[in-house]
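**Student:** Any chance you could fold what I've pasted below:
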Amino acid sequence: MNKKKGIVTAAIIVIGNEILSGRTQDLNVSLIAKWLNNLGITLYEVRIIPDIEKTIVNTINKVRKKHNYVFTTGGIGPTHDDITAKSISKAFKKKYQYNKEAYALLKKYYGASRFTIGRKKMAKTPAGAQLIYNPSSGAPGFYIGNVFSLPGVPSILKSMIGGLTNKLSKGKKIFSKTIHLKTVESEISISLENVQKNNKRVEIGSYPFFKDGKIGVSLVLRSVSVAEINKCANLIKKFIIKRKISFVEERAV
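**Tutor:** Got it, this is the predicted structure:
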């Protein structure tokens, strides 16, 4: 786990054969990453794994020891291949059982006549897990230890993560500034590397783009210090102006 003062880290584990096969496009990583960034929590890694119990158990146990928080997406539905809750139970060596509160919520949501075996399965969690309430479709997620299990449907996940905000320890807020340039990466790589070497507290990312028939590069500066970001931005501007490279836009977030 990251021990640096003020740094809170997280990982996302995307679970599902449909993601790995390309049949379903993942949108949840972006949603969670933006939410974490606003909380000052640094997303350090993302893993995409299949619906295989041993793989899920091993991945959960490795990742939860490295980071303050782990978020899983997918595999908590009613079908045979939804094995995330059962696998997390094994990872924590907890009994996989009906959560009384989840069972009552789902029974009320569906009604006794429509509360099928598959829907009852969605009320199962590791023993001792707490619920993550679902304002969209009734079926809750859950969390145990530092692992938070969320659904795979983006619209439902988005409606649920806000309820976790007060349950997480926040880190220092991360600020960013983006500078769009009319150039290619090879033209600025050495100068940009020199700025990065001398400014370790700022993360500088370089991302090529092609828009409206024009080639360019977006430089993204991220740090907990606005002053450090502005210092780097000014150093970048100096070599950009000297080399007569055109700015497209500068934007702070």
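**Student:** the helices in the stretch 151-253 of the chain, which residues?
**Tutor:** 154-161, 185-197, 226-242 (DSSP state H, counting those that start in this stretch).
**Student:** between these, which one is nearest to Leu168?
**Tutor:** Closest approach to Leu168 among the helices of the stretch 151-253 of the chain is made by helix 154-161 (10.0 Å; Cβ to Cβ). Placement of C-beta: from N, CA and C, glycine included.
**Student:** buried stuff in stretch 153-162?
**Tutor:** Val153, Ile156, Leu157, Lys158, Ser159, Met160, Ile161 (16 or more other Cβ atoms under 10 Å).
**Student:** Could you dump those residues into TSV with distance to Thr178 and pLDDT added?
**Tutor:** Listed next are the buried residues of stretch 153-162 as TSV, based on distance: Cβ to Cβ, whole Å; pLDDT from 0 to 100:
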residue	distance to Thr178	pLDDT
Val153	30	96
Ile156	30	97
Leu157	26	97
Lys158	24	96
Ser159	28	96
Met160	29	97
Ile161	24	96
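**Student:** want to throw these into JSON lines with distance to Lys173?
**Tutor:** Formatted as JSON lines, those follow (distance: Cβ to Cβ, whole Å):
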{"residue": "Val153", "distance to Lys173": "29"}
{"residue": "Ile156", "distance to Lys173": "27"}
{"residue": "Leu157", "distance to Lys173": "23"}
{"residue": "Lys158", "distance to Lys173": "21"}
{"residue": "Ser159", "distance to Lys173": "24"}
{"residue": "Met160", "distance to Lys173": "23"}
{"residue": "Ile161", "distance to Lys173": "18"}
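**Student:** average model confidence for stretch 87-97?
**Tutor:** Mean pLDDT, stretch 87-97: 98.
**Student:** Ok, which of the helices of the stretch 151-253 of the chain comes nearest Gly77?
**Tutor:** Comparing those by Cβ to Cβ, helix 154-161 comes nearest, at 10.5 Å.
**Student:** Contacts for the closest one, please.
**Tutor:** The contact list for helix 154-161, computed with Cβ atoms under 8 Å, 6 or more residues apart in numbering, reads 27-28, 31-32, 35, 73, 132-137, 141, 150-151.
**Student:** Near Glu193, how many other residues are there?
**Tutor:** Neighbour count for Glu193, taken as other Cβ atoms under 10 Å: 12.
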